[in-house]
Structure formats: C-alpha cells, structure tokens
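# Sequence first, predicted coordinates after that:
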Amino acid sequence: MRQALKVIGITLGILYLLFAVFVIWSRISIEEAQKKAIPFVTESMPLIGNWNFDEFAFLLTPGALDTFRSERGQKITAYMSKIGELKAFNEPEVLNVSSSTEDIDTVTLKVDAEFENGLGTVMIVLIETESGYLIHRIHLNTDFFLLPTD
C-alpha cells in the first residue's frame, strides 16, 4: 500500500512539474511574441487597412501571396474594401503562440479597428521567419457586411 502511494505521489509530482514548465514556456513565448509581433502589426496595419494588395504584398507569406493573387482572393479583397480605409486601431493583442512539428512558429493577433464605414476586428496570423514575421492570414470580423445596402 505504501509503495503504491509513493508511486502515485511521484507520478503526480512529475505531472505537476511538467504542467508548470508548460505554463512558464507558454508565458515566455507570448512575451517574446508581444515584443516582436506587436510592433510588426502596428507598422503593417496602415498598409493592410487601405485594402490595396500591391502595398502590402511584401508582408505576406508565399502561400498568402498566392491566395491574394488568385481571382477569388482579388474578389474577397475588393469585397472587404467596401468597409473603407482604416481610420484608427487599438494596440494589437496576442491571442496565441504555437509551434508545429515542422518548426513553424505562428502568432495570432487581434486588432480592433475603425474603418470609414464601420468597426471591425482584424485577426492576423503571422509566421516567424529568419528575418522576422510574415502575414499568413488576415480575417476581418465586422457587422458592416450584415447591414442592408441601398
């Protein structure tokens, strides 16, 4: 009985230690991302917010670049541009930092923004490269597109 309790205690101690290491690693990852990703997005938002693909193409990953260059991507960008140009935005907020098995580090950020024709939340997924960050996805959440058009 004593041996079983000892094994259970050691197992729980190891699990607790692993959980603590994971929490510390997550916090450090988020802090590092905040130091690098927030300035990148802050500088990039004015370019993204005018919806002119040619002005922010250099900020995109090759995959995102292909998507924006496609016929569907051009239609989506044209549709999103109906909300108007970016007028103001809050400081970006890091929501998630993750690593994949292919050693790809991603950072997901949320930016509350005001456009000419309404408010929206821009979700941006960045991929870390040797030279910094590149934008992999841009998603706009807004009620503007639910409003009836005249």
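Noted; the coordinates are in hand.
# contacts and neighbour counts: CA atoms only from here.
OK.
# Name the single longest helix found in this structure.
Scanning the chain for the helix with the most residues, using DSSP state H, yields helix 2-48.
# Now do that helix, average pLDDT.
In this model, helix 2-48 carries a mean pLDDT of 83.
# Next: stretch 72-88.
Here the average pLDDT along stretch 72-88 is 91.
# For that stretch, buried residues please.
Within stretch 72-88, the residues scored as buried using 16 or more other Cα atoms under 10 Å are 73, 80-81, 83, 85-86.
# Am I right that residue 54 is in a helix?
Yes: under DSSP: H, G, I helix; E, B strand; the rest coil, residue 54 sits within a helix.
# quick revisit: between the buried residues of stretch 72-88, which is nearest residue 139?
Nearest to residue 139 among the buried residues of stretch 72-88: residue 80, at 9.7 Å, using Cα to Cα.
# who's in contact with the host helix or strand of that closest one?
Using DSSP states H and E, residue 80 sits in helix 71-80. Helix 71-80 has contacts (Cα atoms under 8 Å, 6 or more residues apart in numbering) with 51, 53, 67-68, 140.
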